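K.L.:
my questions concern the predicted model and sequence given below.
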Amino acid sequence: PRHPERGPDLARDLRARGWRLALRSAGDPRERDTEIYLADTLGELGLWYRLAPVSFVGGSLVPVGGHNPYEPAMLGSAILHGPMIGNFEAAYQRFSAAGATVSVSDAGALAPRAIETLAPDRAAALAAAAWRVTSEGADVAGRFAGLLLADLARRAD
């Protein structure tokens, strides 16, 4: 969850719906029959993006505006998202134009699209395209610093 304090309540709700769940903050063990591992601790999202070949970026199937696609993109995870991405629309347009995301129309389309996207060649192609989007212009700061240092050296002479 985006707000870790919601972890225990979310875990209770999911268990009430019949899911077998392990809650990270509670130290629950992951068993063979664990269906959901609810990572509700701060500062670890990067780890999960690095471990996941595909990530569904939440907040995009409900009207909250979506969440930041740059985080999974920079960490090598292919991106799935829903249609409600208003807060990051320009970013998603860049990723989409580069063939770096997979959009799902609704919750019912999520599982089939995730299965398709999990194919290693598909996930790798999406992640590589997303990395290219995030690294575009990365050399600008270095070039600017070089120009600035050269100008300062000329002025010092």
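P.N.:
Thanks, I have the structure now.

K.L.:
return the helix or strand in this protein with minimum mean pLDDT.
P.N.:
helix 140-156 (a mean of 89; mean pLDDT, DSSP states H and E).

K.L.:
quick one: that helix to chain centroid distance?
P.N.:
35 Å (CA atoms, centre = their mean, to the nearest Å).

K.L.:
what do you get for stretch 117-124?
P.N.:
That offset, for stretch 117-124, works out to 15 Å (CA atoms, centre = their mean).

K.L.:
how about it: buried residues?
P.N.:
117, 123 (16 or more other CB atoms under 10 Å). C-beta here means a position set from N, CA and C on the backbone, and glycine is covered the same way.

K.L.:
what does it contact?
P.N.:
53-54, 78, 80, 102, 116, 126 (CB atoms under 8 Å, 6 or more residues apart in numbering).

K.L.:
do that again at 6 Å, thanks
P.N.:
53-54, 78, 102 (CB atoms under 6 Å, 6 or more residues apart in numbering).

K.L.:
the residue sitting nearest the centre point of the chain sits in which helix or strand?
P.N.:
Nearest to the mean C-alpha position of the chain, by CA atoms, centre = their mean, lies residue 72 at 3.2 Å. Residue 72 is located in helix 70-74, with elements delineated by DSSP states H and E.

K.L.:
next SSE after that helix?
P.N.:
Taking DSSP H and E as the definition, the helix or strand right after helix 70-74 is strand 78-81.

K.L.:
strand partners (parallel or antiparallel) of that following strand?
P.N.:
strand 54-57 (parallel), strand 101-103 (parallel) (DSSP bridges).

K.L.:
tabulate the contacts of stretch 117-124 in JSON lines, adding columns for pLDDT.
P.N.:
Shown next, in JSON lines, are the contacts of stretch 117-124 (pLDDT from 0 to 100):
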{"residue": "53", "pLDDT": "96"}
{"residue": "54", "pLDDT": "97"}
{"residue": "78", "pLDDT": "97"}
{"residue": "102", "pLDDT": "97"}
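
K.L.:
who wins on neighbours among those residues?
P.N.:
residue 78 (25 neighbours; other CB atoms under 10 Å).
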